[in-house]
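Chemist: Here you go, sequence then predicted model.
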Amino acid sequence: GVRLGRPVIYRIPATGKRPMTFTAEGLPEGLKLDSKTGIITGTIASKEPGDHNVTLEASNEHGKSSRPLKFVVGDTLALTPPMGWNSWYIHYHRVSDKIMREAADQMIASGMADYGYSYVNIDDCWMQPQGQEPYRGADGAILCNKKFPDMKAMNDYIHAKGLKSGLYTSPGEWTCARYVGSYKHELIDASQFAKWGFDFLKYDLCTYGRLMKNTNDPAELQVPYKKMGDILKTLDRDIVYNLCEYGKGSVWKWGCRVGGNCWRTTGDLGLEKDKRLPGFYYIGFRNAKLYEYAKPGCWNDPDYILIGYVGDARKGGLGKPTTLSGDEQYAYMSMWSLMAAPLIFSGDMAKLDEFTLNVLCNCEVIDINQDPLGKQAKIITQTDDLLVLAKPMQDGSLAVGLFNLGEKRRKLTADWAELGLTGPKIVRDVWRHRDIGTFDKEFTAEVNRHGICLIRLRAK
Ligand code: GLA
């Protein structure tokens, strides 16, 4: 068994500390690059569907690095899983304009944005709560509560940083936290969200369930989700559409068809009980089975990354440090990456410590999640104490996760035959950015309790 040693912090210092200069070669007409921030803005002039291949280069006092960046003109959004932050598991009903702006500030200051995190999303509770009228203006337009004095200004602020913004509503009369939903106001609300400048919508079933005969009936469930999906297509704004109905009616079979870019596959992760293993593992097992349904633009969503400071969802509580061990956190992030899940952190942006950032911001782990081929890892082996997931990558390599679900550190093996591989492979330790060596038929590593060995295998 190979000893991998202690995890090391590989995160590069945040933007600003070491000024970078960016250049882009082959930028299509209509786009421009800010050479100091690397932010590209504009609208591609040509309306022809197709790819525009750009080479992006970044340099600073330490050297330079470049990689391809592809712009795709077409109808499909979220060609790779969305990455960002959501307010729910730390702010609950306390969420405000100020909190959202500060989260955006932190996304930049912490360096998260440099790794691809870009959505800053308000969850429930930005509207008026039940009992606090008026709910809507005379024209029917939804009103924000007093914590959100000016959504447009807030979004302008977020966008000026090169980030995107999102919000939440329900097809029901009330949201899950009993705030005003979009029932019978779908078009006026969606148009308003576009006017405010939102880029992402989470549409949460909640009290719509009361209007249904059978909340597990796919045909009944599709009605509200298709309705909003159709409306979003008519708007002059790209809004990523996140279905949230807890995996009812096998949403993975029709979520894409009704216009969804990602759909929650399970109940709330924050309400999932820890049993022998922490709750994320059980949510992950359910999501992992659905690998056939994920593809660019259409992703299975096993809910947020709950690490760092998070609050108890049952109480809407204030944040406390996660109870997950370091190994469990590496396993969590690895599993979500292998499953091509949206990477949406929902802990406290104001209390990001080095370790949490180290888990969230490892570029080779994120590369697995964001791989353009867009395959979700297949389950190779699953027993009580072992899970092996394998994700084919666009470059022909294979990302493999060996999860030790047992209670003791032990040796786990990646077996070429089981993985459908033949011949010698170079094994790369993904978390540590290191080639370990060339192996002919199998690779064995020692893995900590509830932890992971995440490797990438490529032809020699
Ligand atoms: C549901 C969703 C959660 C969160 C809350 C908000 O429980 O599944 O993700 O949005 O509603 O009330």
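Modeler: Perfect, I can see it now.
Chemist: Residue 83 pairs with what?
Modeler: For residue 83, the beta-bridge partners are residue 343 (DSSP bridges).
Chemist: Pull up the gap between the residue in the stretch 251-400 of the chain that the ligand sits nearest to and residue 304, please.
Modeler: Residue nearest to the ligand within the stretch 251-400 of the chain: residue 268 (4.6 Å; Cβ to the nearest ligand atom). In this view, the C-beta of every residue, glycine as well, is placed from N, C-alpha and C. From residue 268 over to residue 304 the distance is 9 Å, taken as Cβ to Cβ, to the nearest Å.
Chemist: again, but for residue 96
Modeler: For residue 96, the distance to residue 304 - Cβ to Cβ - is 19 Å.
Chemist: one step back: residue 268 and residue 304: which is more packed in?
Modeler: Between residue 268 and residue 304, residue 304 has the larger neighbour count (other Cβ atoms under 10 Å), namely 26 against 18.
Chemist: What residue, apart from its backbone neighbours, is nearest the more buried one spatially?
Modeler: Nearest residue to residue 304, sequence neighbours excluded (Cβ to Cβ, 6 or more residues apart in numbering): residue 346, at 3.7 Å.
Chemist: quick one: contacts for residue 251?
Modeler: Contact partners of residue 251, counting by Cβ atoms under 8 Å, 6 or more residues apart in numbering, are 218, 221, 243, 245, 260, 263, 264, 265.
Chemist: Taking those together, which two end up most distant?
Modeler: Pairwise distances across those peak at 15.1 Å for 218 and 264 (criterion: Cβ to Cβ).
Chemist: More neighbours: these two, which one.
Modeler: The neighbour comparison of residue 218 against residue 264 (other Cβ under 10 Å) goes to residue 264, with 27 against 13.
Chemist: contacting residues for that one?
Modeler: Residues in contact with residue 264 (Cβ under 8 Å, 6+ apart) are 242, 243, 244, 245, 246, 247, 251, 301, 302, 303.
Chemist: Near the residue of the stretch 151-300 of the chain found nearest the ligand, how many other residues are there?
Modeler: Using Cβ to the nearest ligand atom, the closest approach of the stretch 151-300 of the chain to the ligand is made by residue 176 at 3.3 Å. Residues lying near residue 176 (other Cβ under 10 Å) number 19.
Chemist: part of a strand, is it?
Modeler: No. Using DSSP: H, G, I helix; E, B strand; the rest coil, the secondary structure at residue 176 is coil, not a strand.
Chemist: tell me the contacts of it?
Modeler: For residue 176, the contact set (Cβ under 8 Å, 6+ apart) comprises 124, 170, 204, 206, 207.
Chemist: would you list every one of the strands in the stretch 351-460 of the chain?
Modeler: Using DSSP state E, counting those that start in this stretch, the strands assigned to the stretch 351-460 of the chain run over residues 378-382, 386-392, 398-404, 410-415, 425-429, 434-439, 442-447, 452-459.
Chemist: so of those strands, which one's packed in deepest?
Modeler: Most buried of these by mean neighbour count (mean count of other Cβ atoms under 10 Å) is strand 398-404; its value is a mean of 24.
Chemist: Residue 20 and residue 61 touch, don't they?
Modeler: No. Counting by Cβ atoms under 8 Å, residue 20 does not reach residue 61; the two are 9.5 Å apart.
Chemist: okay, these two: which has more neighbours?
Modeler: Neighbour count, other Cβ under 10 Å: between residue 20 and residue 61, residue 20 has more, with 19 against 7.
Chemist: Just list the residues touching the more buried one, thanks.
Modeler: Neighbour list for residue 20: 36, 38, 58, 59, 60 [criterion: Cβ under 8 Å, 6+ apart].
Chemist: out of those, which are buried?
Modeler: Buried members of the contacts of residue 20, scored by 16 or more other Cβ atoms under 10 Å, are residue 38.
Chemist: Pick out the lowest-pLDDT one from the contacts of residue 20.
Modeler: In terms of pLDDT, residue 38 ranks lowest among the contacts of residue 20, with 86.
Chemist: So for that one, what's the nearest residue that isn't a sequence neighbour?
Modeler: Nearest to residue 38 is residue 22, by Cβ to Cβ, 6+ apart, at 3.9 Å.
Chemist: Could you tell me the end-to-end distance of stretch 104-115?
Modeler: From its first residue to its last, stretch 104-115 covers 14 Å (Cα to Cα, to the nearest Å).
Chemist: List the buried residues in that stretch.
Modeler: Within stretch 104-115, the residues scored as buried using 16+ other Cβ under 10 Å are 104, 105, 106, 107, 108, 110, 111, 112, 113, 114, 115.
Chemist: CSV for those, including distance to residue 440, pLDDT and secondary structure?
Modeler: Formatted as CSV, the buried residues of stretch 104-115 follow (distance: Cβ to Cβ, whole Å; pLDDT from 0 to 100; DSSP: H, G, I helix; E, B strand; the rest coil):
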residue, distance to residue 440, pLDDT, secondary structure
104, 49, 97, helix
105, 51, 96, helix
106, 47, 96, helix
107, 44, 96, helix
108, 46, 92, helix
110, 42, 93, coil
111, 39, 91, coil
112, 39, 95, helix
113, 42, 93, helix
114, 38, 88, helix
115, 34, 92, helix
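Chemist: now those as CSV including distance to the ligand?
Modeler: Below are the buried residues of stretch 104-115 laid out as CSV (distance: Cβ to the nearest ligand atom, whole Å):
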residue, distance to the ligand
104, 20
105, 23
106, 21
107, 20
108, 25
110, 23
111, 26
112, 21
113, 23
114, 27
115, 23
